[in-house]
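Student: please find the sequence and the predicted model below.
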Amino acid sequence: MIDAKRYKGRPELKIEGGILRARVEKVLVGRRDCTKLVDGVLKQIDLVRDVVGDIPVTGALCFVEADWPLIGGAFATRGVHALWPKRLAKLLIETKGSVDVQAARETLASYFPPA
């Protein structure tokens, strides 16, 4: 499940608390709090899982025009990857599995109309 965003600024994962307080992870792009985007992807993952059943579903936020650092930068929070297009392509190529992509696409297209 890929949600592409055209945001300016540097994406980062900010972690607060952890020892004495509850651990809270926030996704920031520049100074903008984008944590709700992760919640949106998680909701979409649940919808897709309800349709495809046993097929594993993972989520990704792909920030298209963000200011990514030259080294590192990609991160994951609550099982959702945050990365740039070329890094996402590499992740998809490296993912192993035996899913009939065409059948999954047709099933999803029948349940979810185009936007």
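Tutor: Thanks, I have the structure now. Residues are numbered from 1 along each chain as shown.

Student: show me what the helix or strand of the chain with the lowest mean pLDDT is packed against.
Tutor: Least confident helix or strand, the chain: helix 101-111 with a mean of 89, by mean pLDDT, DSSP states H and E. The contact analysis (3 or more CB pairs under 8 Å, 6 or more residues apart in numbering; DSSP states H and E) places helix 101-111 against helix 35-52. In this view, the C-beta of every residue, glycine as well, is placed from N, C-alpha and C.

Student: residue most distant from the centroid, the chain?
Tutor: residue 20 (29.0 Å; CA atoms, centre = their mean).

Student: which pLDDT value goes with it?
Tutor: Note for residue 20: predicted pLDDT of 87.

Student: what's the closest non-adjacent residue to residue 9?
Tutor: With sequence-adjacent residues excluded and distances taken as CB to CB, 6 or more residues apart in numbering, residue 9 is closest to residue 30, at 2.4 Å.

Student: contact partners for that neighbour?
Tutor: Applying CB atoms under 8 Å, 6 or more residues apart in numbering to residue 30 gives the contacts 7, 8, 9, 10, 67.

Student: how much space between the second one and residue 31?
Tutor: Okay, so that is residue 8. Applying CB to CB, to the nearest Å, the value for residue 8 to residue 31 is 11 Å.

Student: out of those two, which sits in the busier spot?
Tutor: For the pair residue 8 and residue 31, the greater number of neighbours falls to residue 8 (11 against 7), based on other CB atoms under 10 Å.
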